[in-house]
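Engineer: Show me the folded form of this:
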Amino acid sequence: MSRTKKVDKFIDLNHPRYYLNRELSWLEFNRRVLQEAIDPRTPLLERVKFAAIFGSNLDEFFMVRVASLQRQVEAQVDVLTPDGRTPQQQLNEISQRLRPMVDQLQELLETDLWPQLMAEGVHVLKYSELDQSQRRYLQQYFEKQVFPILIPLAVNPTHPFPVMSNLSLNLAVVLKDAETGEESFARVKVPDSLPRFIPLPPEVYPRSDRPVVWAGVSLEQIIADNLDMLFPGMTILEHHLFRVTRDADLAVQEEAADDLAEAIAQELSRRRFAGSVVRFQFAPTMSEFVKQTLIKGMNVDPNDLYVTQGWLGMRDLMYFMSLPLPHLKDKPWNPVIPQRLRHMHQELATDGDTGGDIFHIIRQGDLLVHHPYESFTASVEHFITHAAQDSAVQAIKITLYRTSSDSPIINALITAAQNGKQVVALVEIKARFDEASNISWARALEDAGVHVVYGVMGLKTHTKVLLVVRKEGEDMRRYMHIGTGNYNAKTAKIYTDLGLFSCQEDLGADLTDLFNYLTGFSKQKSFRKLLVAPVTLRDRMVALIQREIDHCEDGNPGRIIAKMNALIDPGIIRTLYEASQAGVQIDLIVRGMCCLRPGVPDVSENIRVISIVGRYLEHSRIFHFHNNGREEVYIGSADWMQRNLDRRVEAVTPVENPDCAKELKEILGILLKDNRQAWELQSDGSYIQRHPTGDEPEYSAQNVLMERSLNSSL
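Structural biologist: Got it, this is the predicted structure:
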């Protein structure tokens with residue numbers, strides 16, 4: 001609709017009151033994850049899974065975000081965030097908001113999840129509940145499997161305080177010498193090379209009233225009950241479990257590194273032990289003596305103490321998803337083969353003909369694929385594995401940010417190089433927490449003859465693009481895949497992502513220029529169709545929003561729908577506020593952090609924000625602009641964050657094929673209708689979960705998209 005009231009031009013859209021805090025917004029995202037663990041509509045083991053995800057998310061939050069704030073405090077950096085907070089204020093508010101959430105999860109486990117699991121035959125036992133025969137069995141397990149690899153470390157003048165590795169579980173033990181009466185302190189690390197949960201066999205844990213699917217105890221309890229074997233001749237006075245989280249951000253000066261891969265490998269080794277402690281978790285029963293010994297030995301700030309009543313290391317709860325209890329999980333989903341590829345794969349299955357020509361299908365028109373609803377294996381993996389074998393293919397170029405172990409794509413690149421093709425792989429070895437695996441892949445690719453590069457100095461290469469050059473007659477034709485997600489078969493099953501296959505000449509030329517920018521000394525400043533960060537993406541996105549403003553000011557409708565993982569960038573937010581003031585109707589689907597305040601009178605009353613947290617991680621990025629009826633829609637790898645727009649190499653492509661563009665608009669419409677897993681952001685930064693009203697049926701966008709994919713395969 002057009003603007004019907006005069007906008008106050010004197011509103012300062014840079015004022016902190018119009019911005020939400022990034023870190024607190026992230027905590028609200030993790031609260032939505034926690035709600036999936038709480039929600040009784042979620043299958044029981046899926047609830048346990050979400051509890052594990054909540055804990056894993058927190059680990060990364062502390063290792064990166066809290067660690068960064070602590071470094072700022074130590075360096076006496078008092079630069080205010082767009083919402084007007086200092087680093088210390090943010091740390092204080094994080095602590096205040098987070099502690100009740102952690103307590104809520106522990107209570108959920110003890111009073112709800114564990115009892116329900118027991119009713120289903122899953123018995124997560126405490127050592128005090130075991131009888132003598134069960135303890136004997138676990139003692140034998142300890143002697144054979146655990147005892148040989150444990151390393152008890154004493155603390156005294158001849159034994160320095162041990163270094164605790166990041167995310168390690170440890171037992172602090174207070175001992176008394178039976179002969180001298182002298183007390184001492186020791187630490188025993190719970191080995192992460194062994195399973196966290198140890199099952200009891202049926203003959204040791206029989207149950208006559210109902211079947212037992214799994215029964216067992218945690219590894220740390222087994223170790224604690226057998227500490228006397230580690231310290232013969234000593235009396236165990238007390239023992240306490242604790243967990244350490246360290247600053248895990250890498251600090252590598254690229255300009256000073258002769259070999260970037262080697263420099264990062266060395267820093268990774270250092271990071272496990274040398275990063276400062278940013279969180280010290282321990283039980284409320286820990287004695288003051290043990291607590292002070294650990295605080296002093298690890299140099300822990302008092303603000304980083306987290307008393308935790310219950311389980312430490314929540315991420316390990318993912319173990320229970322392996323149990324054979326399908327009725328307690330989401331129904332299995334097998335991605336369908338995209339409709340236009342179905343006949344090709346049927347022929348392959350019938351006669352094994354490896355000439356299933358995906359290139360012919362792409363020449364007939366652009367192809368959009370939507371994972372995990374549609375098969376990553378049948379589309380992206382097939383595209384590259386077929387290219388590796390096709391004698392007409394001359395070159396393959398790809399960016400790899402994160403990939404899976406035993407990746408068919410890595411194997412295909414190696415095969416292509418062995419078949420004499422020119423193969424270039426840009427491996428981003430600075431991808432956080434995937435540095436080690438990416439270095440390993442890079443070296444394997446190099447050994448096979450693949451040209452491996454690490455990108456542009458000072459920038460992470462986050463874009464997801466694949467270019468295949470094929471000789472057809474006397475000409476060279478370029479085929480490409482431009483995606484929103486990584487070339488990773490595992491995450492393609494649990495992340496929602498989009499990919500565009502095309503052989504458009506302009507896009508092919510743009511990707512050629514982009515790879516030259518990444519691999520050589522190209523200073524490319526413009527592209528034909530691609531929006532590329534940090535070169536053109538920011539300015540073009542602002543211009544697209546401004547165009548909607550211009551339409552409104554001319555008396556025409558303005559409309560924007562954008563889907564992304566995070567909306568942080570103050571410049572983009574300010575431009576969206578200006579669009580709202582002009583009357584542009586804006587719907588934003590932002591899974592995680594959002595620093596924009598919707599619904600503020602005279603500023604953002606035309607902006608609505610939802611977040612969807614469900615079975616799949618919403619990862620795709622879609623940008624739709626009404627453009628006075630001449631609609632434009634884009635997909636790509638970039639969120640609206642400073643790092644994506646200014647400090648990363650990103651690519652966003654227009655989707656011009658009418659059928660593909662229509663598909664994207666329908667996907668956005670389905671997501672906006674969700675009333676099951678959608679949460680509406682309020683102007684104060686809180687979220688309210690949508691629920692069906694009246695006779696309205698429950699509408700889960702992800703379920704609808706699965707049903708839609710199934711129907712397309714009939």
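
Engineer: ok now the strand or helix carrying residue 94, how far from the chain's centre?
Structural biologist: Element membership for residue 94, per DSSP states H and E: helix 87-108. Offset of helix 87-108 from its chain centre (C-alpha atoms, centre = their mean, to the nearest Å): 21 Å.

Engineer: Who are the packing partners of that helix?
Structural biologist: Applying 3 or more C-beta pairs under 8 Å, 6 or more residues apart in numbering; DSSP states H and E, one finds that helix 87-108 makes contact with helix 22-38, helix 44-60, helix 67-74. (C-beta placed from N, C-alpha, C; glycine too.)

Engineer: Would you mind writing the CA trace of it as PDB?
Structural biologist: Provided in PDB are the C-alpha atoms of helix 87-108 (Å, rounded to 0.1, in the frame of the first residue of the first chain):
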ATOM      1  CA  PRO A  87      31.000  -5.500  26.300                       C
ATOM      2  CA  GLN A  88      30.700  -5.800  30.100                       C
ATOM      3  CA  GLN A  89      27.000  -4.900  30.000                       C
ATOM      4  CA  GLN A  90      26.500  -7.600  27.400                       C
ATOM      5  CA  LEU A  91      28.300 -10.200  29.500                       C
ATOM      6  CA  ASN A  92      26.200  -9.300  32.600                       C
ATOM      7  CA  GLU A  93      22.900  -9.600  30.700                       C
ATOM      8  CA  ILE A  94      24.000 -12.800  29.000                       C
ATOM      9  CA  SER A  95      24.600 -14.400  32.400                       C
ATOM     10  CA  GLN A  96      21.300 -13.100  33.800                       C
ATOM     11  CA  ARG A  97      19.300 -14.400  30.900                       C
ATOM     12  CA  LEU A  98      21.100 -17.700  30.400                       C
ATOM     13  CA  ARG A  99      21.200 -19.100  33.900                       C
ATOM     14  CA  PRO A 100      17.400 -19.600  34.300                       C
ATOM     15  CA  MET A 101      17.300 -21.300  30.800                       C
ATOM     16  CA  VAL A 102      20.000 -23.800  31.900                       C
ATOM     17  CA  ASP A 103      18.200 -24.500  35.100                       C
ATOM     18  CA  GLN A 104      15.000 -25.000  33.200                       C
ATOM     19  CA  LEU A 105      16.600 -27.600  30.900                       C
ATOM     20  CA  GLN A 106      18.100 -29.500  33.900                       C
ATOM     21  CA  GLU A 107      14.700 -29.700  35.500                       C
ATOM     22  CA  LEU A 108      13.100 -30.800  32.200                       C
END
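
Engineer: List the buried residues for that helix?
Structural biologist: For helix 87-108, the buried set under the neighbour-count rule, 16 or more other C-beta atoms under 10 Å, comprises 87-91, 94, 98, 102, 105, 108.

Engineer: same deal with stretch 182-199?
Structural biologist: So for stretch 182-199, counting by 16+ other C-beta under 10 Å, buried means 184-190, 196, 198-199.

Engineer: Tell me the one of these nearest residue 572?
Structural biologist: Using C-beta to C-beta, residue 196 is the member of these that lies nearest residue 572, at 42.3 Å.

Engineer: can you pull the contacts of the nearest residue to the closest one once chain neighbours are set aside?
Structural biologist: The spatially closest residue to residue 196, leaving aside those adjacent along the chain, is residue 316, at 4.1 Å (C-beta to C-beta, 6 or more residues apart in numbering). Shown in contact with residue 316 (C-beta atoms under 8 Å, 6 or more residues apart in numbering): 52, 196-197.

Engineer: where does residue 316 sit relative to residue 57, distance-wise?
Structural biologist: Remark: distance between residue 316 and residue 57 (C-beta to C-beta, to the nearest Å) = 14 Å.

Engineer: out of the contacts of residue 316, who's nearest residue 467?
Structural biologist: Nearest to residue 467 among the contacts of residue 316, counting by C-beta to C-beta, is residue 52 at 37.8 Å.

Engineer: Count the residues that sit near that closest one.
Structural biologist: 19 (other C-beta atoms under 10 Å).

Engineer: so it makes contact with residue 196?
Structural biologist: No - if you go by C-beta atoms under 8 Å, residue 52 and residue 196 don't touch, sitting 11.0 Å apart.
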